[in-house]
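Engineer: Give the three-dimensional model of this entry:
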Amino acid sequence: MNFIIPDWPAPTRVRAIQTTRQGGLSKPPCDSLNFGLHVGDDPHTVAKNRNLLNTICPSEPVWLEQVHGTTVVLAETAGCVPQADACITRTTNTVCAVMTADCLPVFLCDDAGAVAGIAHAGWRGLASGVIEKTVSAMNVTPSSLMAWLGPAIGVQAFEVGAEVREIFLQHSANAESAFAARGEKYLADIYLLTRQRLQALGITRIYGGDFCTFTDAERFFSYRRDGRTGRMASLIWLTGTV
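Structural biologist: Residues are numbered from 1 along each chain as shown. Take a look at the predicted model:
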């Protein structure tokens with residue numbers, strides 16, 4: 001199984017991993033490390049891929065039914081497959097997870113290693129406030145938080161309509177810098193839009209954000225590129241190590 005370790009100065013007791021599409025058992029077009037049960041892959045194969053995670057995670061991840069919304073759940077009380085787009089934890093060895101294939105996974109933790117979380121930020125969820133809701137649910141001073149931005153679609157590939165740009169501009173005029181006109185459409189920088197949201201909350205330590213799922217077909221799934229495709233997993237948890 002192939003995965004990325006976030007490059008950020010998180011506390012010792014915070015663990016986080018970002019999977020790639022490599023090192024699993026799924027057949028094309030979900031090849032090979034697909035964790036999504038909703039993409040037409042063989043459920044038994046997905047289960048085997050998820051079991052691979054159990055060799056490095058301290059417990060079964062809390063998988064979400066993601067709907068591009070803003071609901072945040074507490075992992076230790078979430079129940080079975082809650083409908084939500086963000087997850088936080090304050091309990092040792094409880095694993096928060098989101099799945100993506102172009103949308104942006106936003107990893108968060110505080111300096112004390114007391115709380116960690118992750119948000120699934122497609123443009124709809126980002127515009128609706130999933131970052132703000134996640135930070136609020138963590139219930140710590142925002143300046144004590146740091147963020148790592150995982151693999152998402154890059155600015156040169158993320159084409160959106162004028163209506164998407166207008167939604168972000170209604171929230172903040174600063175969003176204009178994240179859009180570049182291309183004909184009647186716009187190229188959107190989801191990394192910059194997310195940084196702006198985090199900074200507006202008082203979170204200034206922001207890492208990552210240098211991937212492109214669309215152009216890096218060897219490492220990443222991309223819904224925009226391929227249509228039917230697999231889903232990568234982004235995971236974060238707290239350990240007992242201080």
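
Engineer: What are the boundaries of the strands in the chain?
Structural biologist: 3-4, 14-19, 72-74, 86-89, 96-100, 104-110, 116-121, 145-149, 159-160, 179-182, 185-188, 205-208, 232-238 (DSSP state E).

Engineer: What confidence value was assigned to the residue sitting nearest the centre point of the chain?
Structural biologist: Geometric centre of the chain, nearest residue: Pro105, 1.3 Å, by CA atoms, centre = their mean. The model reports Pro105 with a pLDDT of 98.

Engineer: picking up where we left off before, turn the strands of the chain into JSON lines, columns for distance to Leu64.
Structural biologist: Heads up, the C-betas are built off the backbone N, CA and C, glycines and all. What follows is these, written out as JSON lines (distance: least, CB to CB, whole Å):
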{"stretch": "strand 3-4", "distance to Leu64": "19"}
{"stretch": "strand 14-19", "distance to Leu64": "16"}
{"stretch": "strand 72-74", "distance to Leu64": "7"}
{"stretch": "strand 86-89", "distance to Leu64": "6"}
{"stretch": "strand 96-100", "distance to Leu64": "6"}
{"stretch": "strand 104-110", "distance to Leu64": "12"}
{"stretch": "strand 116-121", "distance to Leu64": "7"}
{"stretch": "strand 145-149", "distance to Leu64": "19"}
{"stretch": "strand 159-160", "distance to Leu64": "24"}
{"stretch": "strand 179-182", "distance to Leu64": "29"}
{"stretch": "strand 185-188", "distance to Leu64": "24"}
{"stretch": "strand 205-208", "distance to Leu64": "21"}
{"stretch": "strand 232-238", "distance to Leu64": "11"}
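
Engineer: closest to Ala173 out of the ones you listed?
Structural biologist: strand 179-182 (11.8 Å; CB to CB).

Engineer: Partner strands of the closest one, with direction?
Structural biologist: strand 185-188 (antiparallel) (DSSP bridges).

Engineer: Please list the outside residues in contact with the strand it pairs with.
Structural biologist: 123, 155-156, 158-162, 164-165, 178-181 (CB atoms under 8 Å, 6 or more residues apart in numbering).

Engineer: Try it again at 10 Å.
Structural biologist: 123, 153-166, 168, 175, 178-181 (CB atoms under 10 Å, 6 or more residues apart in numbering).

Engineer: Counting neighbours, which of the residues you listed end up buried?
Structural biologist: For the contacts of strand 185-188, a burial check counting by 16 or more other CB atoms under 10 Å picks out 123, 153-155, 157-158, 160, 164-165, 168, 175, 178-179.

Engineer: one step back: which residues touch the residue nearest to the centre of the chain?
Structural biologist: Per CB under 10 Å, 6+ apart, neighbours of Pro105: 6, 16, 18, 97-99, 118-121, 148-152, 208, 232-236.

Engineer: Give me the neighbour count for the residue lying closest to Pro6 once chain neighbours are set aside.
Structural biologist: Nearest residue to Pro6, sequence neighbours excluded (CB to CB, 6 or more residues apart in numbering): Trp148, at 4.1 Å. Neighbours of Trp148 under the rule other CB atoms under 10 Å: 26.

Engineer: How about Asn51?
Structural biologist: 11.

Engineer: In contact with Asp85, which residues are there?
Structural biologist: 64-73, 98, 103, 118-122, 124-126, 128, 130, 133-134.

Engineer: Mind giving me the ChimeraX select for those residues, buried ones only?
Structural biologist: Buried residues within these, by 16+ other CB under 10 Å, are selected in ChimeraX with:
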select :64,66,68,69,70,71,72,73,98,103,118,119,120,121,122,124,125,126,128,130,133,134
